[in-house]
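Chemist: next come a sequence and a model predicted from it.
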Amino acid sequence: MEIARTPGSTAAACLITFALAAGTALGQVSPAAPRAQDSATPGPTRVPIGATTIKLPEPRAKSATSVEEALRGRRAPRTFGTAPVTLQEVGQLLWAAQGITGNYGRRAAPSAGGLFPLEVILVAANVTGLPPAVYRYRPTTHDLVRIGEGDPRPAIADACHFQPLTGVPAIFVITTVESRTAKAYGDRAPKYVALEAGAAAQNLSLEAVALDLGCGIMVEFELPKLAQAVGVGPEEKPFTVLAVTGPEPAPRS
Ligand SMILES: Cc1cc2nc3c(=O)[nH]c(=O)nc-3n(C[C@H](O)[C@H](O)[C@H](O)COP(=O)(O)O)c2cc1C
């Protein structure tokens, strides 16, 4: 697959890359209108030339689950079911992790200086309404860009020391582009970025409770193997893996 590296140094370069991604898209094409804040998140984010983009359903703004109920209900299972999740659900989870919720591209999770060093990769294996593939979430357009084919779950499981991930319907990998934050905060960037990734992961975990889904979290993995499995890098580093299953969560204990 041919890959275009987004230089990120100029807004024009970003616009060209997004235009390429949108212009030759196939299937459920949703032309990605670039917005000003796209150029505020430069970095090594890769967008395949001619990539398919898939518009996500609008996230819901209300639920029957209170924040307190979600906090009480959150558990990290060690075993995972295989029940599918839906496109609506993965869209809601992505919105919870990094969705736009305010002016200037502000998101559901806080970001030091509004520099947004996080990316979210979705490995969709059994998602109703979404062809199996690897996708990158784009918050500003609330859509997915297909960045990889095939089933990387065995490779992800291998990278995660053979945790039981091969049957999981949806895997979210939160990645970090630390240079975005380091530009302004120098050697404080690792701390800030780690906090942001933790906040995004917790948002996603709590949203999973509200959707009655199972959600496990993993941080122990071989970074190069995981990066290769989902097709990112070298400056974009996987930070955490979230394994999401349909509504049959196995109680932890
Ligand atoms: C930094 C971190 C790393 C974790 N790594 C794993 C992991 O590799 N595999 C796993 O099954 N759970 C992992 N967990 C989940 C913890 O085991 C779990 O949160 C803990 O046992 C408490 O259970 P609870 O989350 O259900 O309250 C991790 C949690 C954190 C915060």
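Modeler: Now that the structure is in, tell me what you want to look at. Numbers count the residues shown, from 1 in each chain.

Chemist: and residue 72, what helix or strand is that in?
Modeler: Per DSSP states H and E: residue 72 is located in helix 67-73.

Chemist: likewise residue 134?
Modeler: strand 133-138.

Chemist: and what of residue 89?
Modeler: Residue-wise, residue 89 maps onto helix 87-98 under DSSP H and E.

Chemist: could you identify the helix or strand that succeeds that helix?
Modeler: strand 118-124.

Chemist: packing partners for that next one?
Modeler: Judged by 3 or more Cβ pairs under 8 Å, 6 or more residues apart in numbering; DSSP states H and E, strand 118-124 is in contact with helix 87-98, strand 133-138, strand 170-176, helix 189-210. Quick note: C-beta positions are derived from backbone N, CA and C, even for glycine.

Chemist: give me the three-state assignment for residue 238.
Modeler: Three-state call for residue 238 (DSSP: H, G, I helix; E, B strand; the rest coil): strand.

Chemist: okay, now it: neighbour count?
Modeler: Number of residues near residue 238 (other Cβ atoms under 10 Å) recorded here: 26.

Chemist: circling back: out of the helices and strands packed on strand 118-124, flag the one nearest residue 145.
Modeler: Smallest distance to residue 145 across the helices and strands packed on strand 118-124 (Cβ to Cβ): 4.8 Å, for strand 133-138.

Chemist: that closest one - contacts with which helices or strands?
Modeler: Using 3+ Cβ pairs under 8 Å, 6+ apart, the elements in contact with strand 133-138 are helix 87-98, strand 118-124, strand 143-148.

Chemist: how does it look with 10 Å?
Modeler: Applying 3 or more Cβ pairs under 10 Å, 6 or more residues apart in numbering; DSSP states H and E, we find strand 133-138 packed against strand 46-48, strand 53-55, helix 87-98, strand 118-124, strand 143-148, strand 170-176, helix 223-230.

Chemist: next up, the contacts around the residue nearest to residue 210 when sequence neighbours are not counted.
Modeler: Excluding its sequence neighbours, the residue lying closest to residue 210 (Cβ to Cβ, 6 or more residues apart in numbering) is residue 65, at 4.0 Å. Counting by Cβ atoms under 10 Å, 6 or more residues apart in numbering, residue 65 touches 71-73, 206-207, 209-212.

Chemist: from these, which would you call buried?
Modeler: Applying 16 or more other Cβ atoms under 10 Å to these, the neighbour count classes 206-207, 209-211 as buried.

Chemist: export those residues to CSV and tack on pLDDT and distance to residue 85?
Modeler: Shown next, in CSV, are the buried ones among the contacts of residue 65 (pLDDT from 0 to 100; distance: Cβ to Cβ, whole Å):
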residue, pLDDT, distance to residue 85
206, 98, 16
207, 98, 12
209, 98, 14
210, 98, 13
211, 97, 8
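
Chemist: what about the residue lying closest to residue 172 once chain neighbours are set aside, how many residues nearby?
Modeler: Nearest residue to residue 172 in three dimensions, chain neighbours excluded: residue 242, at 4.3 Å (Cβ to Cβ, 6+ apart). Neighbourhood size, residue 242 [other Cβ under 10 Å]: 24.
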